[in-house]
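Peer 1: Could you work out the structure for the sequence below:
(one chain, ligands or ions: 1)
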Amino acid sequence: MTPMVLTDLAQAAPRTGFLPAPPGAINARQMWANNRFWMETQNLVTKRYGGKRKQHWYALLVGMKVFEWGLKRLGQYQRGWVNATNIVLRDLELRFARLPRAFDGFTILHISDPHLDGQPGIEDRIVELCRGREFDLCVLTGDYRTELHGPIRAVMASLDKIVRGVRSREGFLGVLGNHDDCHMVAPMEAMGIRMLINENVVLTRGADRLRVLGTDDVHYYYTDQSLHALEAARDDFSIALVHSPELFDAAAEAGVALYLCGHTHGGQVCLPGGHAPLKHLRAGRHLFTGHWHHGGMQGVTNTGAGTSGIPVRFNTRSEILALRLVAA
Ligand SMILES: [Fe+2]
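Peer 2: As a prediction, this is how the structure comes out:
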């Protein structure tokens, strides 16, 4: 693999009102990239309360192949495929007592888990859904591809279509998911997405401030740097972008007001009634879908625009979310 080229953070957010990245951010990025690259190449999964293990995919891959074969035999595969491609744009209003007045009515387009190599045309569908609308901010919470290793050029080209086709006044903020590798950061920033790798930015409107923090994925690639990133939440009304809900308790304790995540696909293949046999979560399993509260924090677990593993859905919807923040 080619070595990662780090983007100069000062050039990385060309069309936003974000305050500049703090001094030293480049070195923190370099340290992060070295560690992330090592974990990726070793197929390591690191856990929040210590320990790491090698991930072995054989049993899961065989299980998925058997399930896919069964769906085809039962004539259900095509139905599941069509279900998955039927992405909806869902509007959701979120009310906060301590929202700064200048951000009352602030709109956020939340896109998660598009897995752009999973099914063709997902990026076109997203752009189509957003046609005629303009958002204050667009946030991306990871899993831009399905494969865990290999080339990224095609996925980056699809993502670039979304960035060019969606209208966002303050630009785009993104974090990585567990399917994404560290080499994606530079091309994503080159297309205008400000990546938050255990970092934060502040949006200002007059004297009012809104802080957005983002962590690296904590499902496979947990490090304590993600907890340190949350510590900035106390200073302002803060939104956390984390790929999965698994940091919910730490974020609430840190003072985060709104936690935006995805990863679970809402179960992707659910039983009638919404029961999800597979959630792929080690913590926060009850937060696997929808709008939720924990302590004084609100959260939204996006069901994702795409699919992981087998490109089918049953009893779940593919979605992108138009969130509107309202002062209660
Ligand atoms: Fe994920």
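Peer 1: Which strands and helices lie in contact with the lowest-mean-pLDDT helix or strand in the chain?
Peer 2: Least confident helix or strand, the chain: strand 52-54 with a mean of 83, by mean pLDDT, DSSP states H and E. Strand 52-54 sits against strand 44-46, with contacts defined as 3 or more Cβ pairs under 8 Å, 6 or more residues apart in numbering; DSSP states H and E. (Glycine included, C-beta is placed from N, CA and C.)
Peer 1: Now the strand it packs on: average pLDDT?
Peer 2: Throughout strand 44-46, pLDDT has a mean value of 89.
Peer 1: Return the distance of it from the chain's centre.
Peer 2: 19 Å (Cα atoms, centre = their mean, to the nearest Å).
Peer 1: Measure how buried His149 is and give me the count.
Peer 2: Using other Cβ atoms under 10 Å, His149 is surrounded by 12 other residues.
Peer 1: need the contact list for Leu196.
Peer 2: Neighbouring residues of Leu196 by Cβ atoms under 8 Å, 6 or more residues apart in numbering: Leu173, Gly174, Val175, Val212, Leu213, Gly214, Thr215, Ala229, Leu241.
Peer 1: Tell me who's in contact with the residue in the chain positioned nearest to the ion.
Peer 2: At 3.8 Å from the ion, His263 is the closest residue in the chain, using Cβ to the ion. For His263, the contact set (Cβ under 8 Å, 6+ apart) comprises 112-113, 141-143, 177-178, 219, 243-245, 280-281, 301, 304.
Peer 1: Just the closest of the residues you listed to Asn43, please.
Peer 2: Asn178 (11.7 Å; Cβ to Cβ).
Peer 1: State the three-state secondary structure for the closest one.
Peer 2: Secondary structure state of Asn178, per DSSP: H, G, I helix; E, B strand; the rest coil, is coil.
Peer 1: Could you show which parts of this structure are in contact with the ion?
Peer 2: Proximity of the chain to the ion is confined to Asp143, Gly177, Asn178, His263 under the rule Cβ under 5 Å from the ion.
Peer 1: Can you name the next helix or strand after the host helix or strand of Glu189?
Peer 2: Per DSSP states H and E: Glu189 is located in helix 185-190. Proceeding N to C from helix 185-190, the next assigned helix or strand is strand 193-195, under DSSP H and E.
Peer 1: what helices or strands is that following strand leaning on?
Peer 2: By 3+ Cβ pairs under 8 Å, 6+ apart, strand 193-195 packs against strand 172-174, helix 185-190.
Peer 1: As TSV, those with distance to Cys270, mean neighbour count and mean pLDDT would be great.
Peer 2: Output for the helices and strands packed on strand 193-195, formatted as TSV (distance: least, Cβ to Cβ, whole Å; neighbours: other Cβ atoms under 10 Å; pLDDT from 0 to 100):
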stretch	distance to Cys270	mean neighbour count	mean pLDDT
strand 172-174	27	26	98
helix 185-190	31	20	95
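Peer 1: Tell me how many other residues surround His178.
Peer 2: One thing to correct before we go on: residue 178 is Asn, not His. Neighbours of Asn178 (other Cβ under 10 Å): 20.
Peer 1: Please tell me how far it sits from Glu253.
Peer 2: Distance of Asn178 to Glu253, computed by Cβ to Cβ, to the nearest Å: 23 Å.
Peer 1: per-residue confidence for Ala25?
Peer 2: pLDDT, Ala25: 65.
Peer 1: give me the element the closest residue to His115 other than its chain neighbours is part of.
Peer 2: Distances taken as Cβ to Cβ, 6 or more residues apart in numbering put Gly306 closest to His115, at 3.5 Å, once the chain neighbours are dropped. Using DSSP H and E, Gly306 falls within no helix or strand.
Peer 1: In terms of secondary structure, what does the helix holding Glu189 contact?
Peer 2: Using 3+ Cβ pairs under 8 Å, 6+ apart: helix 185-190 touches helix 153-165, strand 193-195.
Peer 1: C-terminal to the longest one, what's the next element?
Peer 2: Moving toward the C-terminus from helix 153-165, the next helix or strand (DSSP H and E) is strand 167-168.
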